[in-house]
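Engineer: just need the structure, nothing else, for what follows:
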Amino acid sequence: MPISRNVALSLGSSSWIRRMSDEGRRLKALLGADKVFDCSLGNPDLEPPRAFREALLSLAADPGRGSHGYMPNAGYDEVRRAVARRASRDQVLEIPPSNIVMSVGAAGALNVLLRTILDPGDEVVGIAPYFPEYPFYAGNYGGVFVPVSARPDFSPDPEAVAAALTPRTACIIINSPNNPTGRVYSRAELGEVAAALEAHARKTGRRPYLVADEPYREIVYGGAAAPSLMQLYPETVVVSSWSKSLSLPGERIGYLAVSPLCAEAAELVSGLAFSTRVLGFVNAPALMQRAVAMVVDEGADVEGYARRGFLLSEGLRAAGYDFPEPQGAFYAFVRAPGGDDVAFVMHLKEHGVIGVPGIGFGYPGYFRLCFCVSESTILGALSAMKDALRSWEGGD
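Structural biologist: Model prediction:
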């Protein structure tokens, strides 16, 4: 048998995002790039800020010895200081540099964290719709992913969260701004989730971690803001990266920040550093660590995404599609006409539009479109989607 049974089974249910992205590439090669409007993959097409390019040039020209060698598994001390300063500002709480662990992107950070806190059979709660890789990440370490449906407006449902908590619950992952809905959870909504965790801790004696998966924290619109989870719950771990905010997804650089209010922060950080090493990451990329430390105060091009989001939203609304207005990130989560998200996404593909069915996010009946693509792609997709809806409804 060439691969394990577990991997073979996983391949059959692997990410719809990657599946549709691969299909988009195939169709472009077959039909021509101008006939395919790929809105499947959250791969920012805006370039990194000039300050990042200047940082790379200066680092490349630095003749200092040892700059490409090993460092502590948690990262360079000076980088952790810079990241702690930025994370403290975001969380409105003083986070010491010793509570920062640099990571190979947010995905690497989540794997390091779950490797550190999960025993076989422990449970990871996630709010649906959720990022499709969460169940696989939990399964990597013998964990069980427990999905909990959001409310109809895609806000977290604290009663459903409370009902899902068991003595085996190790953590709950909160992703806000949310992929795929664009929903930004309010402080009051998150406070209710924190209260459910506190009540569970009093009842069972086990206090689950609250994991704030925040790569989209800066990308918010219309006055929305992502609240500080560390202020709401002591056992909070923030996971983030510069993949979305600075358009660096391929560079794989991120971090974990452990709340200073966490009762076992020092032991947790030691575990995170150990897991970074034994998972084979060893450390986050040296060059990227030093580069992001130099641009840690740079912000995302929110205006550029807001303009594209407005263009997509206006066009979808005019064409007759139903969807919640994105408050953050760069996705629209659209109700599938007729309710069959897979069938409608396949129908869109026949019209040259590549989206991702909601079933891939644990929430069938909707589909996701990315607007971190060129305006010409958005305009082409809107025109094709208007025709697709007409033909789907039997208009011609």
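Engineer: mind checking pLDDT for Gly223?
Structural biologist: pLDDT recorded at Gly223 is 91.
Engineer: ah, wrong one, I meant Ser67
Structural biologist: At Ser67, pLDDT is 87.
Engineer: Asp396 too?
Structural biologist: We have a pLDDT of 54 for Asp396.
Engineer: next up, the contacts around Leu311.
Structural biologist: Going by CB atoms under 8 Å, 6 or more residues apart in numbering, Leu311 touches 371, 375, 378-379. Heads up, the C-betas are built off the backbone N, CA and C, glycines and all.
Engineer: among those residues, which ones are in helices?
Structural biologist: Taking DSSP state H as the definition of helices, the contacts of Leu311 contribute 375, 378-379.
Engineer: which one of those is nearest Val258?
Structural biologist: For the ones in helices among the contacts of Leu311, the residue nearest Val258 by CB to CB is Ile378; the value is 39.2 Å.
Engineer: I'd like to know how many residues surround the closest residue to Gly222 other than its chain neighbours.
Structural biologist: Leaving aside its sequence neighbours, Gly222 sits nearest to Gln327 (CB to CB, 6 or more residues apart in numbering; 6.6 Å). Gln327 has 24 neighbours, counted by other CB atoms under 10 Å.
Engineer: filter the ones in helices among the contacts of Leu311 to the buried ones?
Structural biologist: Ile378 (16 or more other CB atoms under 10 Å).
Engineer: can the ones in helices among the contacts of Leu311 go into CSV with extra columns for pLDDT?
Structural biologist: Listed next are those as CSV, based on pLDDT from 0 to 100:
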residue, pLDDT
Glu375, 97
Ile378, 98
Leu379, 97
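Engineer: if we can go back for a sec, how much space separates the residue nearest to Gly222 from Asp122?
Structural biologist: Counting by CB to CB, to the nearest Å, the separation of Gln327 from Asp122 is 32 Å.
Engineer: ok, Asn175 next?
Structural biologist: 20 Å.
Engineer: try Tyr321
Structural biologist: 40 Å.
Engineer: and Glu198, what helix or strand is that in?
Structural biologist: Remark: Glu198 resides in helix 187-204, with elements defined by DSSP states H and E.
Engineer: what residues does the helix or strand following that helix touch?
Structural biologist: Using DSSP H and E, the next helix or strand after helix 187-204 towards the C-terminus is strand 209-213. With contact meaning CB under 8 Å, 6+ apart, strand 209-213 is reached by 106, 110, 113, 117, 131, 170-176, 193-194, 197, 229-230, 232-233, 235-240.
Engineer: report the buried members of the residues you listed.
Structural biologist: The neighbour count (16+ other CB under 10 Å) marks 106, 110, 113, 117, 131, 170-176, 193-194, 197, 229-230, 232-233, 235-240 as buried among the contacts of strand 209-213.
Engineer: looking at those residues, which are in helices?
Structural biologist: Among those, the members falling in helices (DSSP H) are 106, 110, 113, 117, 193-194, 197.
Engineer: closest one to Leu312 out of those residues, please.
Structural biologist: Nearest to Leu312 among these, counting by CB to CB, is Ala106 at 24.4 Å.
Engineer: wait, that closest one touches Pro215, no?
Structural biologist: Yes: the criterion here is CB atoms under 8 Å, and Ala106 meets it with Pro215 at 4.9 Å.
Engineer: what's the overlap in contacts for these two?
Structural biologist: Common neighbours of Ala106 and Pro215 (criterion: CB under 8 Å, 6+ apart): 239-241, 243, 254.
Engineer: mind putting the ones in helices among the buried ones among the contacts of strand 209-213 in TSV, pLDDT and distance to Ala336 included?
Structural biologist: Output for these, formatted as TSV (pLDDT from 0 to 100; distance: CB to CB, whole Å):
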residue	pLDDT	distance to Ala336
Ala106	98	28
Leu110	98	29
Leu113	98	33
Ile117	98	36
Val193	98	28
Ala194	98	33
Leu197	98	33
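Engineer: this completes my enquiry, with thanks.
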